[in-house]
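> Okay, sequence plus prediction incoming.
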Amino acid sequence: MPLLLLDLDNTLLPRDAAFRAWAEDFLSENGLPAGDLDWLVMLDGGGYVPRSTVLGAAKRRYGFDRSVDSMLAHYRIGINSHIRCPDSHVTALREAREAGWTLGIVSNGGTMPQLEKIRRTGLAALVDGWVISEEARCLKPDPLIFEIAARRCGFRPAGDWKAQTWMVGDYGPADIAGAAATGLRSAWLHHGRPWAERAYRPTVSSPSLPEAVRVVLAAGEHPTSGRGFAAAAAGRAQRSRGRLAVPASRLAPVPARLSPITPNAPAAAKAPVAAKAPIPLTATPLAGPLAPVEPAPAAAAG
């Protein structure tokens, strides 16, 4: 059974658009110059700059007589009110489900803000499970967070599970590097940007989530029941998707048990994995040959 793992912000959800909408409201509500919008967006850094840094700079610039913590609480309510999952993304996820894929979310970030996004946008009903770095106590690109995600989607990674799994994301150092370190194939959402990393590369590059999902479905084999995974429990449809997953300390697998080496283990579990079908013209290939994704060394799985 193939597994499709997806990043949350700027992959499933247009997070930068939500921040821009919040910033417009922030300036308007406080009677501040509308021309400062680009300044706030610049400080935000696509969400990778700590919120305390962004809001602390705004506090000093505008002379607010309030704490950064109170501004942070107001910010979290405001930005999540602008979060939406585009209809085209919902359609792509449903197509993947109908094709037999298991879907999971792997997100770096704070537990409660990210969980609120998943529930508010309806994603909780569209995927099989999720993992958020704060509660899991590990961050992408650590291979452990991807292994936890597979378990939380209702399967026990075993045998050639890595050969059956794709990761889709927009941020190279977390999503694509994490996939490469774990031994997964990956689809990078370039959003009009050139690929800049030299140490690793995605399997394919696509301009949008729907395009990436179509490429992944075309490249993957038709799923067969139980292939590549050992089901953790029967009746996947009965699992509750709305509860916060249990702590990572209870789910973290013992490295030696993740991919046991047996005489009957498929060769794909030991060799670099490549896409199994030509990439359609809808995908945007990166300049130069794509290096195959190599499985991570055993020590990295811990």
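It's in. Note that the structure is a prediction, hence the values are computed from the model and not measured.
> which secondary structure elements does the host helix or strand of R60 contact?
Secondary structure from DSSP states H and E places R60 in helix 51-62. Using 3 or more CB pairs under 8 Å, 6 or more residues apart in numbering; DSSP states H and E as the contact test, the elements touching helix 51-62 are helix 37-44, helix 68-80. Every C-beta, even on glycine, is put in place using the N, C-alpha and C of the backbone.
> Those helices: lowest mean pLDDT?
Note on those: lowest mean pLDDT is at helix 68-80, with a mean of 93.
> in that helix, what's buried?
V68, M71, Y75, R76, G78, I79, N80 (16 or more other CB atoms under 10 Å).
> Now do it: everything it contacts.
With contacts defined as CB atoms under 8 Å, 6 or more residues apart in numbering, helix 68-80 is touched by 18-19, 22, 25-26, 51-52, 55-56, 58-59, 64, 113, 116-117, 120.
> Please identify the helix or strand for G178.
Counting by DSSP H and E, the element that carries G178 is helix 177-182.
> typed the wrong thing, it's V215
With DSSP H and E as the test, V215 turns up in helix 209-219.
> which stretches of the chain form helices?
15-29, 37-44, 51-62, 68-80, 87-98, 111-120, 133-136, 143-152, 177-182, 209-219, 248-251, 255-258 (DSSP state H).
> Just put the helices and strands packed on helix 51-62 in CSV and tack on distance to E211.
Formatted as CSV, the helices and strands packed on helix 51-62 follow (distance: least, CB to CB, whole Å):
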stretch, distance to E211
helix 37-44, 25
helix 68-80, 26
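> looking at these, which is closest to R137?
helix 68-80 (21.3 Å; CB to CB).
> Compute the inter-axis angle for that closest one and helix 111-120.
If you take axes from the mean of the first three to the mean of the last three CA atoms, to 10 degrees, helix 68-80 sits at 20 degrees to helix 111-120.
> Near A174, how many other residues are there?
Using other CB atoms under 10 Å, A174 has 22 other residues around it.
> nearest spatial neighbour of it, skipping sequence neighbours?
K140 (3.9 Å; CB to CB, 6 or more residues apart in numbering).
> Next, give phi and psi for the one you found.
phi -60, psi 130 (degrees, to the nearest 10).
> which residues touch it?
Counting by CB under 8 Å, 6+ apart, K140 has contacts D7, V106, N108, S133, F146, A174, D175, A177, G178.
> any idea how far it is from L5?
Here the distance between K140 and L5 works out to 10 Å (CB to CB, to the nearest Å).
> Between the two, which contacts overlap?
With contacts taken as CB under 8 Å, 6+ apart, K140 and L5 have V106, F146 as neighbours in common.
> quick one: the closest residue in space to V213 that isn't next to it in sequence from L126, how far?
Excluding the flanking residues, the one nearest V213 by CB to CB, 6+ apart is A92, at 4.1 Å. Taking CB to CB as the measure, A92 falls 10 Å from L126.
> So for the two, which residue has more residues nearby?
A direct count of neighbours by other CB under 10 Å for A92 and L126 places A92 higher, at 24 against 20.
> remind me which residues of the stretch 151-300 of the chain are low pLDDT?
Along the stretch 151-300 of the chain, the model assigns pLDDT under 70 to residues 157-159, 221-300.
> Could you check the pLDDT of the closest residue to I145 other than its chain neighbours?
The shortest distance from I145 to any residue other than its chain neighbours is 4.8 Å, reached at C138 (CB to CB, 6+ apart). C138 carries a pLDDT value of 96.
> shouldn't C138 be in contact with F146?
No - judged on CB atoms under 8 Å, C138 makes no contact with F146 at a distance of 9.7 Å.
> Between those two, point out the one with more neighbours.
F146 (28 against 18).
> how close does that one get to K162?
Distance from F146 to K162, counting by CB to CB: 9 Å.
> quick one: stretch 16-23 to chain centroid distance?
20 Å (CA atoms, centre = their mean, to the nearest Å).
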